[in-house]
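**Student:** pasting the sequence and the predicted coordinates here, then a few questions.
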Amino acid sequence: MSYRTHNCTELTKKHVGKEVTLSGWVHKRRDLGGLVFVDLRDRYGMTQVVFNPDMVKDFKIAEKLKYEFVIKVVGKVEARQKENINKDLATGEIELMASEIEVLSEAKAMPFEIFETNKGDEDEDLRLKYRYLELRREKLKNNILFRARVEKYIREYMDSRDYVHIATPILTVSSPEGARDFLVPSRVHPGKFYALPQAPQQYKQLLMVAGFDKYYQIAACMRDEDARADRSPGEFYQLDVETSFKTPEEFFQEMEPLFIELTEKVAGKKVMSKPFPRIPFKSAMEEYGSDRPDLRYDLKMIDVSEWASGTEFNVFKEAEHVRVLVVPNGDKFTRKEIDNEFTDKAKRAGAKGLAWMKHTEGKFEGGVSKFFDAGKLEALTKLVDVKENAILFFSADKWEGSCKALGPVRELAAEKLELIDENLIAWAWVVDFPMYEWDEEREKVDFGHNPFSMPQGGMDDLLNKDPLDILAHQYDIIANGLELSSGAVRNKDPKIMYKAFEIAGYTKEQVDEEFGHMIDAFEYGAPPHCGFAPGIERLVMLLLGEPNIRRVVPFPKNQKAEEPMMGSPAEASDDQLKELSLKIVQDKK
RNA sequence: GGACCGGUAGUUCAACUGGCUAGAGCACCGCCCUGUCACGGCGGAAGUUGCGGGUUCGAGCCCCGUCCGGUCCGCCA
């Protein structure tokens, strides 16, 4: 009577002779006239069902089956003849000889095929509209199942280390820092709005004040910002973690095994270096041209400012910083690749151009080599380890520009030279981010990242150092060129907080108005605390090697933040608007 | 808000420098087939070439505008 006694992946030779019931979708059918084969599919796998007119009660039903019908089949497990074994199928040694068949649900013709004959390249809007069908596809289904395994592993890891799972409010208040908020109108309070949380940042810090010294949550975060390939518009999830009474180093050591185990045990990939390197922000920028470098390959930049200032090449002579990236075997890059692709990368990163020269058979040639005499070129070989055949890319700019220009050049070179091992994950902590940075536009000092981070030297540094030299207890965890999360030791000292904000140009009154409740809380006994919040989708993308975030989200939004299946966002009815005391002013197009 | 790439049967693609009655695979419909597993065979239906305008004897192809999608920049822990 039951719908199934087994699923579609578990029947093996051991079950031969047994009568079983399977239910699932008709994945493929092969109608040979007097004999019908059906690949029956469910979440777990696939089993071949054979309908033989001599064995099955109602063969006519079997003949009328279409793709994606949901059926129930009763039958006997039979071993396949040797020549009929399918090695590509997990259940390929057996088949189900049907005795009864029942159609549980018919299906219309699919808007696209579930069986991926077309590599899953159909128009994405179409696939999003029928996401429930796309989710039947092997690859996407496995991605979602993989994500569930990752999240389960995370929960078990955190639980086993005594972290407390606490849900924080979804309806909360707008925060002045960071991204645009999603607002939710209040019915009870006309004209007032809740905001959806961009992150549970303030709540988790308040939980520390409350004494829940180890907190975690796989938290929904909502931000009204535009999409990227690795960024969902609207919403995403973070593994939100905060802990009291731990130094950052202790925190790193507690969290590192989670990422190692996820890489090795769940994803079956290799970790590049254990423990994870701790790379100061400054070196990351100067050596790799990025604050989230891909460490799977070497390729480091070298500072040649001093050498450059002594040359007759004006661009180099006048620049504050000149850096060089030596790419072994890069001499084979064509003029077209250099002028178009590499130069384009550098320009997009803010450079005016990209200087280069090749080193072939012991000689510098091409590009800017003509600007330097033999002596200068000889001097250069003493500074940089020039491989026999190589290309040298130069950047010349102020500190930040000289670093950033070569970062994407480095990535492109690695890609072209196939230096990237897809089976490797190079985790690292980037530490010592600057507390402040210079805001060129507004010509003032502003917070580099999170204003709630503790300055490393505390009040002493704030009082005595050039703000731009002050480092924060702020760190990122990165992998393969992705930033998984930033984190920090939080500033829980009201005096230091007022001073930190003062340096960035905020008055005490402004701070009180916007963060008064936080400061208030810190005045009732706040433990030192730190934490981070890695993005779940990015983590899963990284572990799977998927380039697009929509491949790891079950029901994603498109680039315009719409969900074509449900049709969100949608207009509200006049009654709803009235109840919420809202009026739509802008013309509907 | 901006830049770039794309839009041809349900779907994936094709159609040379403008010559077309817009083709093919899969899906769909009908018939045949008892060992298939991307089953095979025969036949059929399926299109305002995103939309609007222009150039031309003639436009899927060229031009202008517009809409839609993706990637990137801006924005964003």
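**Tutor:** In hand now; what should we look at? If you're wondering where the values come from, they're calculated on a predicted model, not measured in any experiment. Numbers count the residues shown, from 1 in each chain, chains lettered A, B, ... in the order given.

**Student:** just give the closest residue to residue A:6, not the sequence neighbours.
**Tutor:** Take residue A:6 and drop its neighbours on the chain: the residue closest to it by C-beta to C-beta, 6 or more residues apart in numbering is residue A:20, 5.1 Å away. All C-beta atoms are positioned from the backbone trio N, CA, C, and that covers glycine.

**Student:** what does the one you found show for phi and psi?
**Tutor:** Here is the backbone geometry of residue A:20 (degrees, to the nearest 10): phi -130, psi 170.

**Student:** quick check: it vs residue A:301, distance?
**Tutor:** As judged by C-beta to C-beta, to the nearest Å, residue A:20 and residue A:301 stand 63 Å apart.

**Student:** so these two - more neighbours on which side?
**Tutor:** Per other C-beta atoms under 10 Å, whichever of residue A:20 and residue A:301 has more neighbours is residue A:301, with 25 against 17.

**Student:** for beta bridges, what are the partners of the more buried one?
**Tutor:** Beta bridges link residue A:301 to residue A:325 when assigned by DSSP bridges.

**Student:** so does the helix or strand that residue A:149 is a member of get close to RNA strand B?
**Tutor:** Element membership for residue A:149 (DSSP states H and E) is helix A:138-160. No - judged by C-beta under 7 Å from any atom of the strand, helix A:138-160 stays clear of RNA strand B, getting no closer than 12.4 Å.

**Student:** could you give the mean pLDDT of the helix or strand that comes right after that helix?
**Tutor:** Using DSSP H and E, the helix or strand that follows helix A:138-160 in sequence is strand A:164-165. Here strand A:164-165 scores 97 as its mean pLDDT.

**Student:** so where's the stretch 1-150 of chain A uncertain?
**Tutor:** Across the stretch 1-150 of chain A, the ranges flagged by pLDDT under 70 are A:117-121.

**Student:** before we move on, back to that, partner residues bridging the residue nearest to residue A:6?
**Tutor:** residue A:75.

**Student:** that one contacts residue A:12, correct?
**Tutor:** No - under the criterion of C-beta atoms under 8 Å, residue A:20 is not in contact with residue A:12, lying 11.7 Å apart.

**Student:** what separation is there between residue A:573 and RNA strand B?
**Tutor:** Distance, residue A:573 to RNA strand B, by C-beta to the nearest atom of the strand, to the nearest Å: 23 Å.

**Student:** brain fart, residue A:182
**Tutor:** With distances taken as C-beta to the nearest atom of the strand, residue A:182 is found 12 Å from RNA strand B.

**Student:** break chain A down into its domains, please.
**Tutor:** For chain A, automatic domain parsing gives the domain ranges A:13-105, A:297-420.

**Student:** hmm, back to that, name the surrounding residues that touch the helix holding residue A:149.
**Tutor:** A:43, A:116, A:120, A:134-135, A:165, A:216, A:218, A:239, A:241, A:257-258, A:261-262, A:265-267, A:536, A:539-540, A:543-544, A:546, A:551-552, A:554 (C-beta atoms under 8 Å, 6 or more residues apart in numbering).

**Student:** which ones are touching the residue nearest to residue A:6?
**Tutor:** By C-beta under 8 Å, 6+ apart, the neighbours of residue A:20 are A:5-6, A:11, A:74-77, A:96.
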